[in-house]
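Asks: One predicted model, sequence on top.
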Amino acid sequence: MLVAYAEAGMRPVQILQAATINGARIIGLDKPALPGRVPRRNHAMGILKLGAFADIIAVGDLEVDIHALENVRFVMKEGAVYVKKQ
């Protein structure tokens, strides 16, 4: 789907936003939690710094080739590394 977005003319940054932060907003992760529900981390959305619950990936240069998304080199979720290719 992300490649189709690129073929339709979206820029890589827009594609990544559509796949990540925009989706999080659609399901309400940027809103405060309702009483009795799991607290949300809207204060930490969109930041990458020590102590944040960053979910990040590393790929090649998406400006050169959007297919770089198919070769994920590094994955970190909530501070834990899950994939690290040399």
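Replies: Thanks, I have it.

Asks: Relative to residue 13, how far out is residue 26?
Replies: 18 Å (Cβ to Cβ, to the nearest Å). For glycine as for every other residue, the C-beta is placed from the backbone atoms N, C-alpha and C.

Asks: Next, the residue nearest to residue 5 when sequence neighbours are not counted: secondary structure please.
Replies: Once flanking residues are discounted, residue 5 sits nearest to residue 15: 4.7 Å by Cβ to Cβ, 6 or more residues apart in numbering. When classified by DSSP: H, G, I helix; E, B strand; the rest coil, residue 15 comes out as helix.

Asks: what's the neighbour count on residue 15?
Replies: 20 (other Cβ atoms under 10 Å).

Asks: Likewise for residue 57?
Replies: Neighbours around residue 57, by other Cβ under 10 Å: 15.

Asks: Spatially central residue in the chain, please.
Replies: Note on the chain: the residue nearest the mean C-alpha position is residue 20, at 4.1 Å, using Cα atoms, centre = their mean.

Asks: measure that residue to residue 81 for me?
Replies: For residue 20, the distance to residue 81 - Cβ to Cβ - is 18 Å.

Asks: re the thing from before, check what pLDDT the residue nearest to residue 5 gets.
Replies: We have a pLDDT of 91 for residue 15.

Asks: tell me the contacts of it?
Replies: Each residue near residue 15 by Cβ atoms under 8 Å, 6 or more residues apart in numbering is listed here: 2, 5-6, 62, 66.

Asks: Pull the most distant pair out of those residues.
Replies: 5 and 62 (11.3 Å; Cβ to Cβ).

Asks: And the helices in the chain, which stretches?
Replies: Counting by DSSP state H, the chain has these helices, from start to end: 2-7, 12-19, 21-26.
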